[in-house]
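J.: the following comprises the amino acid sequence and a computationally predicted model.
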Amino acid sequence: MQLGMIGLGKMGANMARRLLKQGHQCVVFNRSPKPVQELVRENAVGASSLADLVKKLDKSRVVWLMIPAAVVDKTITDLVPHLQPGDTLIDGGNSYYIDDIRRAKELATKGVHYVDVGTSGGVKGLERGYCMMIGGEQEVVHRFDPIFKTLAPEPKYQPESTHRESQERHPADEERERTNNHSGKTQALRGTRGLLHDDGIGNRRGR
Ligand SMILES: NC(=O)c1ccc[n+]([C@@H]2O[C@H](COP(=O)([O-])OP(=O)(O)OC[C@H]3O[C@@H](n4cnc5c(N)ncnc54)[C@H](OP(=O)(O)O)[C@@H]3O)[C@@H](O)[C@H]2O)c1
């Protein structure tokens, strides 16, 4: 698949690399140009601005934001005039889920789909893959299954709990606990976002 990646920091650059290695096409943009130049050497298509990134993507476009939560709204404001109905915006950073619900509603009025993906994995994600909590319209989310599948950890990094017959502790438990602690703290609330979005609970919280 083809994807536009905005934000080539510790997360976004390696996510683009993982996608490129598995045969996806990435159009990449970053505020400072160096990470773009590096990824172009690894077969990405470089973009010089948000408008240029949108121009270089095939319709219907999918654009993934991997930037600090604090700059997501500003980036969406700058990006949206270049998007068209049917395009999809994915926020893979650590946005507050209430903001995701608001953005999904605002973008829906323009015919732009919004998917929020709480993503964990750090720099090791390039090799090991990324844990993702995905919220959005079901049909839209499934369109991007090939991307999520490529980003997700391979089975060798998801050891089965075959030891569960006994009380014995297994090294895999410790690894899973470390991952869960991180994911849980940053994303537990976001994980319920799809549910809250569907039944409107997020609205009743007053934001
Ligand atoms: N690092 C992790 O282990 C990790 C794990 C899970 C989730 N996350 C989340 O993933 C997202 C990205 O994290 P990261 O670790 O990749 O961050 P990072 O390494 O600090 O990179 C931040 C990226 O956002 C860009 N950026 C920063 N301020 C900007 C602004 N005002 N306008 C436009 N672009 C701006 C940076 O551009 P420049 O290169 O020009 O500075 C850079 O591309 C965040 O939401 C973070 O919370 C991170």
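T.: Arrived safely, thanks for sending.
J.: which residue does this protein have closest to the ligand?
T.: Gly9 (1.8 Å; C-beta to the nearest ligand atom). The C-beta positions use only the backbone N, C-alpha and C, and glycine is treated the same way.
J.: give the contact list for that residue.
T.: Gly9 makes contacts with 30, 35, 66-67, as judged by C-beta atoms under 8 Å, 6 or more residues apart in numbering.
J.: can you check Pro153 too?
T.: 128-131.
J.: assign it to helix, strand or coil.
T.: Under DSSP: H, G, I helix; E, B strand; the rest coil, Pro153 falls in the coil class.
J.: just name the closest of the contacts of Pro153 to Val71, please.
T.: Comparing the contacts of Pro153 against Val71 with C-beta to C-beta places Tyr130 closest, at 20.7 Å.
J.: isn't the closest one up against Ser120?
T.: Yes: using C-beta atoms under 8 Å, Tyr130 is in contact with Ser120, at 6.5 Å.
J.: the more surrounded of the two?
T.: Legend: neighbour count by other C-beta atoms under 10 Å for Tyr130 and Ser120, higher for Tyr130 (22 against 18).
J.: all helices of this structure, in order?
T.: Using DSSP state H, the helices of the chain run over 12-21, 34-40, 50-55, 72-79, 97-108, 125-128, 138-143, 145-151, 171-191, 193-199, 201-204.
J.: would you mind listing what in the chain touches the ligand?
T.: Neighbours of the ligand within the chain, by C-beta under 6 Å from any ligand atom: 7-12, 30-32, 35, 66-69, 71, 93-94, 119-120, 122.
J.: quick one: low-confidence parts of the protein?
T.: The model of the chain has pLDDT under 70 over residues 161-207.
J.: by residue count, what's the longest strand in it?
T.: Taking DSSP state E as the criterion, the chain has its longest strand at strand 113-120.
J.: export that one as CSV, just CAs?
T.: In CSV, the C-alpha atoms belonging to strand 113-120 read as follows (Å, rounded to 0.1, in the frame of the first residue of the first chain):
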residue,chain,number,x,y,z
HIS,A,113,-11.9,9.8,7.8
TYR,A,114,-10.0,9.8,11.0
VAL,A,115,-8.3,6.8,12.6
ASP,A,116,-6.5,7.0,15.9
VAL,A,117,-3.8,4.5,16.6
GLY,A,118,-2.1,4.4,20.0
THR,A,119,1.3,3.1,19.0
SER,A,120,4.0,1.5,21.2
